[in-house]
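Q: sequence isn't available, so here's the structure alone:
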């Protein structure tokens with residue numbers, strides 16, 4: 001699992017590329033997923049991480065092949081997955097709102113971090129889950 005310490009991000013940003021064997025992700029996947037799928041290929045990830053004031057901007061790409069079960073015929077099939085993503089991470093601050101606040105589109109795409117490190121492997125796994133079809137069809 002790739003973890004990046006925030007103080008290791010230079011002002012000009014940081015480009016990272018890595019590949020993870022599905023067996024190294026199994027503990028994380030068991031806790032997060034109730035979706036019936038398996039990796040047929042390693043998870044390849046590539047990100048550009050940069051600082052923007054107090055926030056962290058991550059532009060990335062994931063690529064792998066999943067084995068899914070068809071929602072129609074229940075046969076298993078290979079599903080190539082390749083996706084680009086952009087993620088804004090903000091420091092988590094406990095805030096109580098006395099009144100309702102309308103969220104903008106940008107607010108809906110925000111994520112938060114609460115320590116001095118970002119778990120890039122977990123972010124890559126989350127992106128895989130977001131790309132799995134709701135009703136996979138062969």
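A: Sure thing, it's come through. For clarity, every value in this text was computed on a predicted model and none was experimentally measured.
Q: in this protein, where is pLDDT below threshold?
A: Where the chain drops to pLDDT under 70, the residues are 25-35, 94-99, 101, 103-110.
Q: now the residue most central in space within the chain: how far from residue 67?
A: Central residue of the chain (C-alpha atoms, centre = their mean): residue 123, 2.8 Å from the mean position. Note on residue 123: its distance to residue 67, by C-beta to C-beta, to the nearest Å, is 22 Å. In short, each C-beta sits where N, CA and C put it, glycine included.
Q: same question for residue 42.
A: Remark: distance between residue 42 and residue 67 (C-beta to C-beta) = 14 Å.
Q: then residue 24?
A: On the measure of C-beta to C-beta, residue 24 and residue 67 end up 18 Å apart.
Q: now stretch 39-59: buried residues?
A: Using 16 or more other C-beta atoms under 10 Å as the test for burial, stretch 39-59 gives 39, 41-43, 45-47, 49-50, 56, 58.
Q: of these, closest to residue 92?
A: Distance ranking of those against residue 92, using C-beta to C-beta, places residue 56 first at 12.2 Å.
Q: could I get the full set of strands for this protein?
A: Secondary structure of the chain by DSSP state E: the strands cover 3-5, 14-20, 37-39, 43-52, 55-69, 76-91, 110-113, 117-119.
Q: what comes up buried for the second one?
A: Yep, that's strand 14-20 we're talking about. residue 20.
Q: that strand to strand 55-69, inter-axis angle?
A: Counting by axes from the mean of the first three to the mean of the last three C-alpha atoms, to 10 degrees, strand 14-20 lies at 20 degrees to strand 55-69.
Q: strands paired with strand 14-20, and their directions?
A: Strand 14-20 has the following sheet partners, assigned by DSSP bridges: strand 43-52 (antiparallel).
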